[in-house]
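Participant: fold the following for me, if possible:
(2 chains)
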Amino acid sequence: MNSIDAWVSLQCHAEEMKDVHLKDLFHPGEERFEALSISEDHYLLDVSKQRINSETLEKLMDLAHQQELDGWIEKLFSGEKVNASEQRAALHTALRQPDNIELHVDGQDITTGVHRSLNKMQELVEQIQCAQWRGFEGSPIRSVVNIGVGGSNLGPLMACDALEQYAPAELRHLDVHFVSSMDGSELEKLLPGLDPATTLFIISSKSFSTVDTLANANTAREWLLKASNKSVELINQHHFIAATANPARALEWGVPMKNQLLLWDWVGGRYSLWSVIGMPIALKIGMKNFREILKGAHAMDAHFREAPFEKNMPVLLGLVGVWNINFLNIHAHAILPYDGRMAQLPAYLEQLEMESNGKSINREGERISFRTCPVLWGQVGSSAQHAFYQLLHQGTEPVMCDFIATAMRYESEGDELREQHQLSLANCLAQSRLLAMGDSSQAKNESVSNYKHYDGNQPSTTIMLDVLTPETFGGLIAMYEHKVFVQSVIWGVNPFDQWGVEQGKQMATNLLKELCNSGNDNLDASTNGIIRFVQDQNKGASK
Amino acid sequence: MKITVYGSSLSAWVAAACLAKVGNDVVIDEMAGGSERELNDISVIRDEPGLWSQIQRQIEERRLTRRLQQTTTAADIHWLSLQPTEQALAERVIDDIQLTGEKGVLIINQCNFTVGATEALQSRLSNANDVVFIPDNLQEGLALKGFTQPKHIILGIDNDKALAKTKALLRPFKSELDFLQLMSSREAEFTKYAITGMLAIRLGYINELANLADALGVDISVVQDGMGADPRIGHHYLSPGCGFGGQNFAAYVTKFSGILQKERQQSLLKTVMEENEVQKELLFRKLWQHYQGDLDGKVVALWGASFKPGTASIDNAPSLKIIDALISQNIRVQVHDPEALVNLRAIYKANALISYAESPLAAAEGADALLLVTEWPMYWSPDYPRLASLMRTRLIIDGRNIFDSDLMAQHGFTYLGVGRH
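Facilitator: Okay, here's the model as predicted:
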């Protein structure tokens, strides 16, 4: 790819730009903001605090065209097998498509299946919500525990957290919990506070073979069996729902077909909150609001597919990232929501971005010679200010930041809370400004010692929502999904597989045996040494 | 005396009928309740034994008039029988009276608004007129007798001069009176709530004991007799069952529980009311457990739908929660009630899963279980052999403990009571 004109042209341009300080890109007047921000619908995307100018943008657009981004977008939406290594489509966009839009892939009517599945989910959700789903004693279910990991956990968890205020009053009697960790820590903490007779588990696993999830599900079932003294069939019937693309395996585990919600292999785990994997969200905020999330995401899909690149939010977001990573050599990316409701967003984006684009082999199977996905992490901004902002302001690492905030909040609350929101916004703006401008933004004081000096020149993007609603939430997440896709197209990698997480699972299965044996010559000395330590401790304890 | 009664609740109609019967010139202003409806169509009148004919006669004899439009007419006494939520309406009535400039008017407040509401109404009036609180102790099914022959009356009076007039008003109803107690309106309001709450707590407690008795294999009816023999406790409101209902009882307790929570954050009554809702599904849970949750294709008979015998009212009745639970499981329900079916139909319309039976035995035909929900006298002694032959599965779940378990066993029934393992 390095030979591509646009790439070379960007490299030359970067030589010119690399020594230009961000503060010097701002001139009096509003033109820079006008030129380098998009305000569309509920969203404002501001990239004017990035180290770019209009020429950078032009060249980035050239790169997008040369990489045939528009063609790839069409392939994505029309259900072509963009996930080549697994020979399947990636049709998360179809999950949020209204039922009047037809989509046929390989002769299959995708839309009908999607809505059939959503409607079945709605039936189960409503049965639970109107307190008519019964546990083993015939009492209505009051607590729902989602057992899932990765995409079957992070998305629903984030959405439930972010949108809790939209839970209708009549649903507040229902608790929704999440457990994911394979060591059972969360279950151990959660179960004593739950009543087995009124607790329902959703086993959320696309493959229904995820070890972490099945381990938790087995523990949950044992807990129910012990508490109820009922048959395993009865417990399976009334206490387990499965969200899966593998009905046969779910049935084999014991979840009856009537309790199964279907998704498909063309839904990637980290792109699945829009499917029946989102059932906990629907339970928490109601099916109507869940459909609002889909609506917001669909609107963002339409924007991504139709808006010219210059006015296209996911495209701009993705290309600016490529500029930072590949031309300004920035390899750390901080996600900083200035809104406590979005506390789970960094963890969600860590998976979405790093599992999608953390690749060094291109679609043709060749090793690539440039950087791809950076290290991504984050935290609620106002808390992160007391944690790692020191590094952002005065460390040695260049870091790009995403500031995410809402313009309005607490409209129906008291002045105190509205003032807290204003305070949070002021901090958001202060930090992005200080990161960009350094202490040149402050009145000059010549006697300032070096350790009080702020270099600035750390680029950032600010994404504002007018209000956080199910709809804008859906749009925001879809924006990031498409941003990831844009970058994958520029880099030529497949963002929809994750071969890098497979081998560890297999190795663990083998090591499980070794933990009981006395070590193995085929293992390295370190691993053998640690196994010995564990065995010695356990022997000591059993004496 | 000229009396205007405000309200369209059962209490309002009972007061209007009884006050007219003893010779007063009574106008009833149904307020938002509307006066367009025929008497026959007003369910609170239809459901209360004897009330419809009483009202009809008072109207014919011109002692009772339904006011068609909201106009204030001169009256010596204004009687407020509004819903607990209608305090604003009461204030409007009071303000209208104040506007007429009349003096020496007596206002009887019988509404369960809140503690201090009577004082608040009084504060809108000049001192020439008085508001007195008389708690509404209406018992649905026995409302006429309760009004005309009370055994005790509590008067909440903040002003001596109102007393003579109030006594004159109540004089015709003194034949059975043992006890008349005077207290401040605030105390009387509190007392009203306290009584209702106490009864609810007793019922909640005996239900909790019954559920425990079920689990421990103890017969609650034996325990119940033992408890009731203690003079400190007595036998009233000590029968376990599948939950209490009724328009007034539940509304008052919930309202009081709200007041308590506002002052104290938490309340015993709130727990009692929540547990009562759970108790209403008890018969469904017993059915579910009996069939191990496998209710596919089952047919269930219900005897009784009204919230208690002697009324057609199904307000907050356990039968509603049971029917909802049954039809949610796709179970066919065959229900009988001597009076409440009209009201039940109004809720479930033509739901294909529900059929309304003409007789108790017709309801039991082909049933996999018979749930006794309301203890109407006609259910106490059924034709057992006939019942046994009609049912597909001989399972009786008795929500009011009216049947004898040994007798049931003799006729081949599986019998489940409340707290009678």
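Participant: show me where the stretch 251-400 of chain A has helices.
Facilitator: For the stretch 251-400 of chain A, the helices defined by DSSP state H, counting those that start in this stretch occupy A:279-285, A:287-306, A:313-322, A:345-357, A:381-384, A:389-394.
Participant: can you name the residues bridging to B:G156?
Facilitator: B:F133, B:M183 (DSSP bridges).
Participant: how many residues are close by it?
Facilitator: The tally of other residues near B:G156 (other C-beta atoms under 10 Å in any protein chain shown) stands at 24. (Glycine included, C-beta is placed from N, CA and C.)
Participant: ok, it touching B:R186?
Facilitator: Yes - applying C-beta atoms under 8 Å, one finds B:G156 in contact with B:R186, separated by 7.3 Å.
Participant: now for those two: what residues contact both?
Facilitator: Counting by C-beta atoms under 8 Å, 6 or more residues apart in numbering or on different chains, the shared contacts of B:G156 and B:R186 are B:T118.
Participant: so the closest residue to chain A within the stretch 1-150 of chain B, which of the three states?
Facilitator: Residue nearest to chain A within the stretch 1-150 of chain B: B:T85 (17.7 Å; C-beta to the nearest C-beta). Three-state call for B:T85 (DSSP: H, G, I helix; E, B strand; the rest coil): coil.
Participant: just to revisit the earlier point, looking at the helices of the stretch 251-400 of chain A, which is buried most?
Facilitator: Most buried of the helices of the stretch 251-400 of chain A, by mean neighbour count (mean count of other C-beta atoms under 10 Å in any protein chain shown): helix A:279-285, with a mean of 27.
Participant: helices or strands up against it?
Facilitator: Packing contacts for helix A:279-285, counted by 3 or more C-beta pairs under 8 Å, 6 or more residues apart in numbering or on different chains; DSSP states H and E, involve helix A:110-129, strand A:143-147, helix A:154-162, strand A:175-179, strand A:199-204, helix A:287-306.
Participant: redo that, cut-off 7 Å
Facilitator: Applying 3 or more C-beta pairs under 7 Å, 6 or more residues apart in numbering or on different chains; DSSP states H and E, one finds that helix A:279-285 makes contact with helix A:110-129, strand A:143-147, helix A:154-162, strand A:175-179.
Participant: model confidence over that helix, on average?
Facilitator: Averaging pLDDT along helix A:279-285 yields 97.
Participant: for A:E471, see how far away the residue nearest the centre of chain A is.
Facilitator: Nearest residue to the geometric centre of chain A (C-alpha atoms, centre = their mean): A:Y348, 3.0 Å. Distance from A:Y348 to A:E471, counting by C-beta to C-beta, to the nearest Å: 18 Å.
Participant: who in the stretch 151-300 of chain A is up against chain B?
Facilitator: Counting by C-beta under 7 Å from any C-beta of the partner chain, the stretch 151-300 of chain A comes close to chain B at A:234, A:237-238.
Participant: may I see the buried residues of stretch B:219-234?
Facilitator: Within stretch B:219-234, the residues that count as buried by 16 or more other C-beta atoms under 10 Å in any protein chain shown are B:219-221, B:223-224, B:227.
Participant: starting at the chain centroid, how far to it?
Facilitator: Between the centre of stretch B:219-234 and the centre of its chain there are 25 Å (C-alpha atoms, centre = their mean, to the nearest Å).
Participant: can you list contacts of it?
Facilitator: Stretch B:219-234 is contacted by residues B:206, B:209-210, B:213, B:235, B:238-240, B:401, B:418-420 when judged by C-beta atoms under 7 Å, 6 or more residues apart in numbering or on different chains.
Participant: and stretch A:20-39, by the same measure?
Facilitator: With C-beta under 7 Å, 6+ apart as the criterion, stretch A:20-39 contacts A:44-49, A:51, A:53-54, A:311, A:313, A:316, A:436-438, A:440, A:456-457, A:459.
Participant: which bits of chain B sit near chain A?
Facilitator: B:284-285, B:288-289, B:292-293, B:325, B:328.
Participant: could you dump these into JSON lines and include neighbour count and pLDDT?
Facilitator: Supplementary listing: the residues of chain B next to chain A in JSON lines, determined by neighbours: other C-beta atoms under 10 Å in any protein chain shown; pLDDT from 0 to 100:
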{"residue": "B:F284", "neighbour count": "27", "pLDDT": "98"}
{"residue": "B:R285", "neighbour count": "22", "pLDDT": "97"}
{"residue": "B:W288", "neighbour count": "23", "pLDDT": "97"}
{"residue": "B:Q289", "neighbour count": "14", "pLDDT": "95"}
{"residue": "B:Q292", "neighbour count": "15", "pLDDT": "94"}
{"residue": "B:G293", "neighbour count": "22", "pLDDT": "93"}
{"residue": "B:A325", "neighbour count": "23", "pLDDT": "97"}
{"residue": "B:S328", "neighbour count": "17", "pLDDT": "95"}
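Participant: for the residues you listed, work out which two are farthest apart.
Facilitator: Greatest spacing in those, by C-beta to C-beta: B:Q292 and B:S328 (17.6 Å).
Participant: do you know how far A:E481 is from A:V493?
Facilitator: Taken as C-beta to C-beta, the span from A:E481 to A:V493 is 15 Å.
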